[in-house]
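Novice: Please find the sequence and the predicted model below.
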Amino acid sequence: MGTAWALAGAGFRRYSTYRQATVAGAFTNTVFGFLRCYVILAVAATAGGMAAGYRGSQLVTYVWIGQGLLAVVQIWGWTDLADRIRTGDVQSDLLRPLHPVASYLATDLGRAGHAALTRFVVPTAVGALCFDMYAPHTLLSYPAFLASTLVAVVVSFGVRYLVNLTAFWLLDIRGVITLWQLGAGVLSGLYFPLAFLPGWAQGVLWLGTPFPAAFQAPIDILVERGSVGHRSLLLFDQLCWAALLIGACMLVQRRAERKLVVQGG
Amino acid sequence: MSEIVISTADLRKEFTVSTRVGLLRRARRTVPAVAGVDLTVARGEMLGYIGPNGAGKSTTLKMLTGVLTPSSGEVTVCGFRPVAQRTRLARQIGVVFGQRSQLWWDLPLAESFRLLRYIYRVPAADHAARLAECRRLLDLDAFLDTPVRQLSLGQRMRGEITAALLHSPEVLFLDEPTIGLDVVSKQAVRAFLADLGSRGDTTLVLTTHDLADIEKLCRRLVVIDHGRVVHDGTLPELHARYDSRRRVVVDLDTPWAGRTGVPGAVVEAVEADGHRVTFGLSGGTAGELVAALARDGALRDVAVLEPDIEDVVARLYAEPAGDDRVASR
């Protein structure tokens, strides 16, 4: 456990060294928060203030919490592992007495911790100052949101790690990354809440893809959309995806190590 | 014989390479990178593992450390099968790559060392003692708090060696540890490794193209070429095998007359209008030769040159690959 904490601490400190990047990222997330918020409120206004089961203040919260969560779950771009595979530096990872998946996950949780204290706080605070945000009615929604966010980070990490592992076969994974980013943006609930889609499409996305579990689930839990039972199901869906993806990471990692060559002399 | 820490038997690795032979067709062929290496290394040995580019050095090293699965053959390191027991083996070995880093790029060097304590689960007191020793011997204090990305190559390499030793590994693998270093840094790294090796409890396996590393550090030299061991023995044995000669260079007051009377002293070069002569000694001694020249009364100055390892190894590398070559031991 000490090792996991130390690695998470390293992940946290690694990102804390890039202060200007953090400020720039938080600023960008905030600017786009305003854009998304005005658009979604306009949509809700045409629908009589309520859209797909969300009230106006819930939609505001949906947008701003989403803008904060973007960096926490890091739904976009992460190529650290792929870069190390391409250069052969991954050899150093394999020479440590740790499972690489566990080691990278611990580091990623540290990164998420740093993002939570910086990139999450800024857009959320600005959103709360400028708009009427929805506050959860039951206290339980707060710890449920925290737990759901943690699992969302694991889900997102699982997909990112798998995408990066393809570098063992492909070396250049820009195509895979582009595909993942495109899918993640549209299918995770970032561009619009998935509840806007027909029921069957929602079913396919929640059960058939990990994207909503990596992003929309914690937001729906915080804005208390649907019954408690419905929200418990969201958390359950996330846990299933997290377990499935980490298992897949372990499996693919083992295949990659057995079958493939570490690059470079 | 003392305890064996590394042993391989008929270790092989073949890669499949596909080449384009038509518009859409590709032909696959198998290329042997390591073609049957038998190696036994005892605890405390300092082994130089050399060979030309593409000879199979790094491939062997990857198989010994468990990051590459052999195509066939047996390999045991510290009692473990490297690939199957890689994580357990990792606690017993340290690896330094001259061309890649195991440190955390964005964090200060000290932070990397702290993390390694947790990763290898080293007791705090042991870790502190080893770090203190490395700080003293490798002069780390000036840049301990500098992020790794800002270190010079020489500083980083000293950090890499420290990082590989903090869990006190039984075997230290060094893959070109002095590549790109300036003379002072090379000397510092070599002196440190020589000191480490002289204590006898850490086995060192060093691959390098810098033969001065081998001369300074390794009593035993394994030369690999085209995936096979072509020499396994001491440096003097290598010289004996390739008939390396000591050379005697003499400066004469009068031009060289053409005879010494010393059997085994062969004239290799005559320069400066016959005033400087280089002899190769394949028999006889330098003393006999110098005495003979002194008798003639023309000797002004004399220098004895030891055989050059670079020459021997260049001759070894230049030999064509063949199945008839066998290891000398």
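Specialist: Cool, got the structure.
Novice: for stretch A:184-200, which positions count as buried?
Specialist: For stretch A:184-200, burial by neighbour count (16 or more other Cβ atoms under 10 Å in any protein chain shown) applies to A:184, A:187, A:188, A:189, A:190, A:192, A:193, A:194, A:195, A:196, A:197. Where C-beta positions appear, they are placed from N, C-alpha and C, glycine not excepted.
Novice: For those, name the two members farthest from one another.
Specialist: A:184 and A:195 (17.9 Å; Cβ to Cβ).
Novice: still on that earlier bit, present the buried residues of stretch A:184-200 as TSV; the columns should include secondary structure and pLDDT.
Specialist: Listed next are the buried residues of stretch A:184-200 as TSV, based on DSSP: H, G, I helix; E, B strand; the rest coil; pLDDT from 0 to 100:
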residue	secondary structure	pLDDT
A:184	helix	87
A:187	helix	91
A:188	coil	92
A:189	coil	90
A:190	coil	90
A:192	coil	89
A:193	coil	91
A:194	helix	93
A:195	helix	91
A:196	helix	90
A:197	coil	92
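Novice: and those as TSV, adding distance to chain B?
Specialist: TSV is the format used below for the buried residues of stretch A:184-200 (distance: Cβ to the nearest Cβ, whole Å):
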residue	distance to chain B
A:184	25
A:187	32
A:188	28
A:189	32
A:190	28
A:192	36
A:193	36
A:194	36
A:195	40
A:196	40
A:197	40
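Novice: which residues does the closest residue to chain A within the stretch 201-329 of chain B bridge with?
Specialist: The stretch 201-329 of chain B approaches chain A most closely through residue B:207 (9.4 Å), counting by Cβ to the nearest Cβ. Counting by DSSP bridges, residue B:207 is bridged to residue B:49, residue B:175.
Novice: Check the gap between it and residue B:142 for me.
Specialist: Computed as Cβ to Cβ, to the nearest Å, the residue B:207 to residue B:142 distance reads 29 Å.
Novice: more crowded one of those two?
Specialist: residue B:207 (25 against 8; other Cβ atoms under 10 Å in any protein chain shown).
Novice: I figured the more buried one was touching residue B:47, is that so?
Specialist: No. Using Cβ atoms under 8 Å, residue B:207 makes no contact with residue B:47, being 9.5 Å away.
Novice: Can you show me the strands along the chain?
Specialist: No chain specified, so I'll use chain A. A:50-51, A:54-55 (DSSP state E).
Novice: wait, chain B
Specialist: With DSSP E as the criterion, chain B has strands spanning B:4-20, B:26-42, B:46-50, B:72-77, B:93-97, B:171-175, B:203-207, B:220-225, B:228-234, B:246-252, B:265-271, B:276-281, B:299-305.
Novice: quick one, what contacts the closest residue in space to residue B:92 that isn't next to it in sequence?
Specialist: Nearest residue to residue B:92 in three dimensions, chain neighbours excluded: residue B:78, at 4.2 Å (Cβ to Cβ, 6 or more residues apart in numbering or on different chains). The contact partners of residue B:78, taken as Cβ atoms under 8 Å, 6 or more residues apart in numbering or on different chains, are B:5, B:6, B:89, B:92, B:93, B:170, B:171.
Novice: quick one, what contacts the second one?
Specialist: For residue B:6, the set of contacting residues under the criterion of Cβ under 8 Å, 6+ apart consists of B:39, B:40, B:41, B:64, B:76, B:77, B:78, B:171, B:203, B:205.
Novice: so what pLDDT did residue A:263 get?
Specialist: Note for residue A:263: predicted pLDDT of 61.
Novice: same question, residue B:321
Specialist: pLDDT, read off for residue B:321, is 56.
Novice: how near is residue A:3 to chain B?
Specialist: 5 Å (Cβ to the nearest Cβ, to the nearest Å).
Novice: Confirm for me that that residue is in contact with residue B:118.
Specialist: Yes. Counting by Cβ under 8 Å, residue A:3 does reach residue B:118; the two are 4.6 Å apart.
Novice: and the helix or strand bottoming out on mean pLDDT in chain B, what other elements does it pack with?
Specialist: The least trusted helix or strand in chain B, going by mean pLDDT, DSSP states H and E, turns out to be helix B:309-318, with a mean of 75. Other helices and strands packing on helix B:309-318, by 3 or more Cβ pairs under 8 Å, 6 or more residues apart in numbering or on different chains; DSSP states H and E, are helix B:211-217, strand B:220-225, helix B:235-241.
Novice: And it, what's buried?
Specialist: Buried residues in helix B:309-318, counted by 16+ other Cβ under 10 Å: B:309, B:312, B:313, B:316.
Novice: likewise stretch B:246-262?
Specialist: Neighbour-count burial for stretch B:246-262 flags B:247, B:248, B:249, B:250, B:252, B:256, B:260, B:262 (criterion: 16+ other Cβ under 10 Å).
Novice: Surely the third one touches residue B:272?
Specialist: No. Distance between residue B:249 and residue B:272: 11.0 Å, which falls outside the contact criterion (Cβ under 8 Å).
Novice: quick one, what contacts residue A:221?
Specialist: Residue A:221 makes contact with A:141, A:144, A:145, A:148, A:231, A:234, A:235, according to Cβ under 8 Å, 6+ apart.
Novice: Check whether the fifth one really touches residue A:140, as I assumed.
Specialist: No. Counting by Cβ under 8 Å, residue A:231 does not reach residue A:140; the two are 9.7 Å apart.
Novice: quick one, which of these two is more surrounded?
Specialist: Taking neighbours as other Cβ under 10 Å, residue A:231 and residue A:140 compare with residue A:231 leading, 22 against 13.
Novice: where's that one relative to chain B, distance?
Specialist: 37 Å.
Novice: same check, this time on residue A:88
Specialist: 6 Å.
Novice: List the contacts of the most centrally placed residue in chain B.
Specialist: Central residue of chain B (Cα atoms, centre = their mean): residue B:48, 3.6 Å from the mean position. Going by Cβ under 8 Å, 6+ apart, residue B:48 touches B:206, B:207, B:208, B:213, B:214, B:217, B:218, B:220, B:221, B:222.
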